[in-house]
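**Q** Okay, predicted coordinates and the sequence, questions at the end:
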Amino acid sequence: MSENQFEQKNLIIEAAKTLGFSRIGFARASSLDQSAERLTQWLEMGYQGEMKYMENHFNLRKDPRQLVPGAKTVIVLSFNYATKNIQKDKNAPKIAKYAFGKDYHKVLRKKLKSLFSTIQEICPNCQGRYFTDSAPIMERDWAELAGLGWKGKNTLLIHPQAGSFFFLAEIIIDTELPYDSPMRDYCGSCRRCIDACPTDAIDKNGYLMDAKKCISYLTIELKSQIPDEFKDKMDNWVFGCDICQDVCPWNKFSTPHSEVNFFPKEELLDLTSQDWHALTEEKFADLFESSAVKRTGFNGLSRNLSFIK
Ligand code: SF4
Ligand code: SF4
């Protein structure tokens, strides 16, 4: 790699930090054969449940060069959403921390658009595309390859200085830049996430998730009724679940984010158990106006609320 390429990489890192991204890593665009093999096995086990979209675009998922012709580099970015904010009523139905503020898809997309324009100024003639949970990309595998952390036993990406409460985003470009190296796995003999999961969604040896059993899937992705076997196992979660992150010792090292878009409405944190169960469609529309919680719709959230009653 030339000195100019190192300089370009540094300028991109600086621009990403200015936009609020926490970490940025670079990986060589290539075919993810081993990850694709694991994905095939996971799909064959039926662990995707109703998420049929996981079965689509397999070739695009396997190789980013199919998404961006001539792709040379996958840039992976993390954006912190760790917070000390908590819902005040301990008995209130719970929503995952990532959904406390505005929908991250919209917030990060804006930042990615800006960063991509800057990259095109830094690297003339550079072409590419940017994504945040919006394309068939194995984003945790790319994040691992780009040195942003390791995939823990809870299957999430973990960074030794930041834990796991962060979003991931990717920019795939046709320009070659210096690449980073993966880091080792620091889960060791820990199995807190496996033991704490109330629905046994994580395999007993870790690193494998039956999404059909995960509360995040049950409360957000599943469109039909939540199966009775999960009655009394939801631990009061009605949108997502943070248990396997809350118990992870690496999250002790996370620091609260300062992104105003992700600050929660006080009103949301103040809702009592009674308020939640009396939620009207009008109140739902007002409270979750620009939130990811809108994804379930009022009916979906009402279904989840009835299930935990
Ligand atoms: S998010 Fe909750 S239900 Fe899903 S694996 Fe983690 S602890 Fe289990
Ligand atoms: S809780 Fe322990 S085993 Fe699970 S991801 Fe964190 S460090 Fe790894």
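**A** Good, I have the coordinates. Ligands and ions are numbered 1, 2, ... in the order given.

**Q** Provide the secondary structure category for the residue nearest the centre of the chain.
**A** In the chain, the residue lying closest to the centroid (Cα atoms, centre = their mean) is residue 167, at 4.7 Å. Three-state call for residue 167 (DSSP: H, G, I helix; E, B strand; the rest coil): strand.

**Q** Tally up the residues packed near the nearest residue to it once chain neighbours are set aside, please.
**A** Leaving aside its chain neighbours, residue 167 sits nearest to residue 79 (4.6 Å; criterion: Cβ to Cβ, 6 or more residues apart in numbering). The C-beta positions use only the backbone N, C-alpha and C, and glycine is treated the same way. Neighbourhood size, residue 79 [other Cβ atoms under 10 Å]: 23.

**Q** Next: the one 5 residues further on.
**A** By the measure other Cβ under 10 Å, the count of residues near residue 84 is 7.

**Q** and what of the one 3 residues further on?
**A** Residues contacting residue 87 under the criterion other Cβ under 10 Å number 21.

**Q** check contacts around it.
**A** Residues in contact with residue 87 (Cβ atoms under 8 Å, 6 or more residues apart in numbering) are 94-95, 268-269, 271.

**Q** which of the residues you listed count as buried?
**A** For those, a burial check counting by 16 or more other Cβ atoms under 10 Å picks out 94-95, 268, 271.

**Q** Mind giving me the packing neighbours of the helix or strand harbouring the residue nearest to residue 167?
**A** Residue 79 is located in strand 73-80, with elements delineated by DSSP states H and E. Judged by 3 or more Cβ pairs under 8 Å, 6 or more residues apart in numbering; DSSP states H and E, the packing partners of strand 73-80 are strand 23-28, helix 104-122, helix 139-145, strand 166-173.

**Q** Let's have those in JSON lines, adding distance to ligand 1.
**A** Output for the helices and strands packed on strand 73-80, formatted as JSON lines (distance: least, Cβ to the nearest ligand atom, whole Å):
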{"stretch": "strand 23-28", "distance to ligand 1": "22"}
{"stretch": "helix 104-122", "distance to ligand 1": "17"}
{"stretch": "helix 139-145", "distance to ligand 1": "14"}
{"stretch": "strand 166-173", "distance to ligand 1": "15"}
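
**Q** Could you identify which of those is most buried?
**A** strand 166-173 (a mean of 24; mean count of other Cβ atoms under 10 Å).

**Q** Can you name the residues of the stretch 51-200 of the chain sitting close to ligand 2?
**A** 152-154, 158, 187, 190-193 (Cβ under 6 Å from any ligand atom).

**Q** can you tell me which of those residues are in helices?
**A** Of these, the ones assigned to helices by DSSP state H are 192-193.

**Q** Which of the residues of the stretch 51-200 of the chain next to ligand 2 are buried, as a ChimeraX select command?
**A** In ChimeraX, this line selects whichever of these come out buried by 16+ other Cβ under 10 Å:
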select :152,153,154,158,187,190,192,193
